[in-house]
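1. This is the structure alone, sequence omitted:
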C-alpha cells in the first residue's frame, strides 16, 4: 500500500497551555541551580570532551512556557498522519514536531508510549514538557526549546514516496536542525534522517539526543552493546563509570530494578552496530538502530520509588503513564556537546520498528549472550546494507525543498538570513507570513518605527550578531529607550551587571515601561530600590500576571511580609490564582505559623512544580511540625517529628522528589 501524509486531529483530554512568558529569564532565575558538580569519575577523554554542567547556560533568547494548569478538557489535537497500511504514525507540528504515536497495525501494538492526555509539567529548560512519543532534542542541552512551540513541517515528494520534513532554526547555536520521516510503501519500518547545518564561518558546539518513550512493562529489559556503563550519580548530576551489568549491585539492564530515577549510558566504543531495544518478557518490543554518527545510547527511567511513579502518573493518568526512555545521541553522554565545524553539516539515519528476540536469549543472565542474540535480530530486521542505502537516498532528499508546507514555525530563521545575507541550509525555507515587529525592522531597515517604539517588546535577542545590529542602529538612527532596554537585557545575559544597570537607567529615563522597571529591579543592589521599581512596574497596569509571581517571590525572600500582604490584597484574580503567587502565600503562612491557611493552600493540585523540587515537601513538613507542636503544647523533639512524618507522609499530589528516602 502506498504511503500517505495527511493532516488530521485526535480527540483527547488536554490541559490549557498559554503563550510563552514575556519576562526574559536569566541564568540565576532558571530552575536548575548554577552549581559546580564533582569531577566525573573514570571517564575517557572521548566521554569528557566538551563537557558542561547543567544550569550554567543561559536559555535566552528563548522564553519559558509556564502558563498551564491541570484542568483537562476534551479537545482536538492537531496532527499530521503518516500511514501505509502497515505502520501508522502521527506527529504534532505545534509541539516541536513530537512523534506522538507509532502503531504496528499487523501486530496490533503501540510501539511508543502514546500518552492518553496532554498534560505539561515543569521538566524542561523552558518549563513545560510532556511525556510520550519521540522527541527531537537539539541543539542546546536538555529537552528541546521547541517542546511546546510550533515548528516548520512539510511534505517532500520523491520517487520513492512522500517524506515528512520537520525543521527549525536554533537561536542559541544559530544553526538549523532537520528531521525527515520516511515510511516506505508496504514497510513496517520507519526511517528518520537527521541533519544539522552550520552556515557560519565559525565552529559551533551543539547537542543532539533523540528521546523515545517506550511503554514500560514488568520484567522489561533494555539491551544495547555495552562493555561498561556510565551512570548518573545523585545528587549532583555527576557521571561515573561502572561495570555493566554491575556484579556488586544488580543487573541494571532491567529498569524495574532501579528504585530511584536513573540514567544509564551504554558504552561499547568498538561495537559494530549502534542500536537500542526495549524488550518485554516475551522478547518483543521497540528497537532503534542508526548509522555511525549517533554513538551514544541510553535509557532513562523514573524508578520504582513513589516519587518516580507519581511523576509518571502526573504526566498522564493514574496507572496509565508508566514508560521508559530509550535514547540515541551524537556524543557518548548527555553532559557533552559536539563540534560543528564552519560551513558543515552532520547527518545520520535512524530506523525504528518492532523487534522479536527469543525470550530465553533476551533474558539470559549473561548479558553478552543477550546482546549477541539481539544484535543478530537487529541484523536481520534492519540490515546494515539496506540502512546505508536508505541513508544515501535520504541524504540526497534532505536538500530538496518541500513540495507542500503544512506548518510554519518561528520567524527567527528568516530574520537571521536577512541579517547575515546568507541562506541557513539548502532546501529549508524559513519565510513566515506575519505582521512585522521591531526585530523585523532592525534586520530590514535598521531603525525602529514609531509603532515599535510605542510597544513593550515580548521577544528578545542576545547573541553577538543581534547586539551588533542594535549598536549599528543606535549609531545610525539615534538612541531610543528600546535600544537601551534590549542592549541592557543582552548585557545582563552576559552577567555584565554594571553596564546592564546603566542601560536600564537610560531606558527608564526615556520611557518608564513595566519591563524597563522590572529589569532595573533585577539588578538593584538595594532591596528597597528593587521593591520600588517592582511595585512601579506593576502599577503601570500593562504588566503580565507573571510579574506578580516574581514580586511575591522577591518579597518573601526579603522577609517583607507586611508589604507582601498589601501587594497580594490588591491583586486581580488573574494574578492571585497564579501558582507561584499561591506558593508564596504558603511560604508566608509556614513562616508565620498560620497552619489552617497553609493546610488549605496545600490542597491545590500543582501544575508547575519542578522535577525534583522539594518545596512542597518542606511546606508539608512545616505543617506537620506545627500540628505536632500544637498537640504537644511544646516544641517537639527530632524523634517525635520523625514519627509524625512517618504517620503523615507527603501525600502523592505533593510528592515530586526524584530520589527515595
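-> Happy to help now that I have it. These numbers were taken from a predicted model, which means no experiment stands behind them.
2. how about the helices of the stretch 551-661 of the chain, start to end?
-> 561-569, 573-576, 579-592, 595-601, 615-632, 638-647 (DSSP state H, counting those that start in this stretch).
3. Redo those as CSV? Include mean pLDDT and distance to residue 461.
-> For glycine as for every other residue, the C-beta is placed from the backbone atoms N, C-alpha and C. Below are the helices of the stretch 551-661 of the chain laid out as CSV (pLDDT from 0 to 100; distance: least, CB to CB, whole Å):
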stretch, mean pLDDT, distance to residue 461
helix 561-569, 86, 32
helix 573-576, 76, 28
helix 579-592, 85, 26
helix 595-601, 92, 39
helix 615-632, 91, 33
helix 638-647, 93, 48
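4. Contact partners for the nearest residue to residue 494 once chain neighbours are set aside?
-> The spatial neighbour of residue 494 that comes closest, neighbours along the chain excluded (CB to CB, 6 or more residues apart in numbering), is residue 462 at 7.8 Å. Residue 462 makes contact with 58, 60, 61, 489, 490, 493, 494 under the criterion CB atoms under 8 Å, 6 or more residues apart in numbering.
5. Please pick the buried ones from these.
-> 58, 60, 61, 489, 490, 493 (16 or more other CB atoms under 10 Å).
6. Quick check: the fourth one is in a helix.
-> Yes. Secondary structure assignment places residue 489 in a helix (DSSP: H, G, I helix; E, B strand; the rest coil).
7. Confirm for me that it is in contact with residue 460.
-> Yes. Taking CB atoms under 8 Å as the definition, residue 489 is a contact partner of residue 460 at 5.6 Å.
8. okay, and the common contacts of the two?
-> 24, 60.
9. how near is residue 412 to residue 345?
-> 20 Å (CB to CB, to the nearest Å).
10. do residue 239 as well
-> 29 Å.
11. next helix or strand past the helix or strand encompassing residue 522?
-> Taking DSSP states H and E as the definition, residue 522 sits inside helix 514-523. As assigned by DSSP H and E, the chain's next helix or strand after helix 514-523 is helix 527-539.
12. list the helices and strands the longest strand along the chain packs on?
-> In the chain, with assignment by DSSP state E, the single longest strand is strand 68-83. In terms of contacts (3 or more CB pairs under 8 Å, 6 or more residues apart in numbering; DSSP states H and E), strand 68-83 is packed against strand 4-17, strand 87-92.
13. Identify all contacting residues around the first one.
-> In this case it means strand 4-17. So strand 4-17 is contacted by 65, 67-84, 90, 100, 116-120, 128, 148, 155, 162, 164, 406, 607 (CB under 8 Å, 6+ apart).
14. Look at residue 617 and say how many residues are nearby.
-> 16 (other CB atoms under 10 Å).
15. Please report the distance of it from residue 654.
-> 7 Å.
16. right, and the helices of the stretch 551-661 of the chain - which one's nearest residue 222?
-> Distance to residue 222, taken as CB to CB, is lowest for helix 615-632 among the helices of the stretch 551-661 of the chain, at 30.3 Å.
17. Show me what counts as buried in that closest one.
-> In helix 615-632, counting by 16+ other CB under 10 Å, buried: 616-617, 619-629.
18. Could you do stretch 61-69 as well?
-> Applying 16+ other CB under 10 Å to stretch 61-69 flags 61, 62, 63, 64, 65, 66, 67, 68, 69 as buried.
19. Let's have those in TSV, adding distance to residue 318.
-> Putting those into TSV (distance: CB to CB, whole Å) gives the following:
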residue	distance to residue 318
61	38
62	32
63	32
64	28
65	25
66	24
67	25
68	19
69	18
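20. Pick the one among those residues closest to residue 49.
-> residue 62 (25.8 Å).
21. low-scoring pLDDT stretches of the stretch 351-500 of the chain, where are they?
-> By pLDDT under 70, the stretch 351-500 of the chain has no low-scoring segment.
22. just to revisit the earlier point, neighbour count winner among residue 239 and residue 345?
-> The neighbour comparison of residue 239 against residue 345 (other CB under 10 Å) goes to residue 239, with 26 against 19.
23. who's in contact with residue 313?
-> 319, 320, 321, 652.
24. if I read this right, the second one contacts residue 116, doesn't it?
-> Yes. Counting by CB under 8 Å, residue 320 touches residue 116, with 5.4 Å between them.
25. Find the residue closest to residue 372 in space, skipping its chain neighbours.
-> Closest to residue 372 by CB to CB, 6+ apart is residue 361, at 8.0 Å.
26. what's the answer for residue 268, then?
-> Closest to residue 268 by CB to CB, 6+ apart is residue 225, at 3.8 Å.
27. ok, now residue 537?
-> That would be residue 517: by CB to CB, 6+ apart, it lies 3.7 Å from residue 537.
28. That neighbour: what's it in contact with?
-> So residue 517 contacts 508, 533, 534, 536, 537, 540 (CB under 8 Å, 6+ apart).
29. picking up where we left off before, doesn't residue 371 make contact with the residue nearest to residue 372?
-> No. Residue 361 lies out of contact with residue 371 (CB under 8 Å); the separation is 9.8 Å.
30. Mind checking which of those two has more residues around it?
-> Looking at residue 361 and residue 371 with other CB under 10 Å, you find the greater number of neighbours at residue 371, namely 23 against 17.
31. ranges for the strands of the stretch 201-350 of the chain?
-> 204-206, 208-215, 221-223, 228-233, 238-242, 262-267, 274-279, 284-290, 296-301, 323-329, 338-340, 344-356 (DSSP state E, counting those that start in this stretch).
32. can you put these in JSON lines and add distance to residue 641?
-> Shown next, in JSON lines, are the strands of the stretch 201-350 of the chain (distance: least, CB to CB, whole Å):
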{"stretch": "strand 204-206", "distance to residue 641": "48"}
{"stretch": "strand 208-215", "distance to residue 641": "39"}
{"stretch": "strand 221-223", "distance to residue 641": "40"}
{"stretch": "strand 228-233", "distance to residue 641": "29"}
{"stretch": "strand 238-242", "distance to residue 641": "31"}
{"stretch": "strand 262-267", "distance to residue 641": "30"}
{"stretch": "strand 274-279", "distance to residue 641": "42"}
{"stretch": "strand 284-290", "distance to residue 641": "46"}
{"stretch": "strand 296-301", "distance to residue 641": "32"}
{"stretch": "strand 323-329", "distance to residue 641": "36"}
{"stretch": "strand 338-340", "distance to residue 641": "49"}
{"stretch": "strand 344-356", "distance to residue 641": "51"}
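33. For residue 502, find the nearest of those.
-> When these are compared (using CB to CB), the closest one is strand 204-206, at 31.1 Å.
34. can you pull the buried residues of that closest one?
-> So for strand 204-206, counting by 16+ other CB under 10 Å, buried means 204, 206.
35. pLDDT score for the residue nearest the centre of the chain?
-> Central residue of the chain (CA atoms, centre = their mean): residue 143, 2.5 Å from the mean position. On pLDDT, residue 143 comes in at 92.
36. Understood, closing this out.
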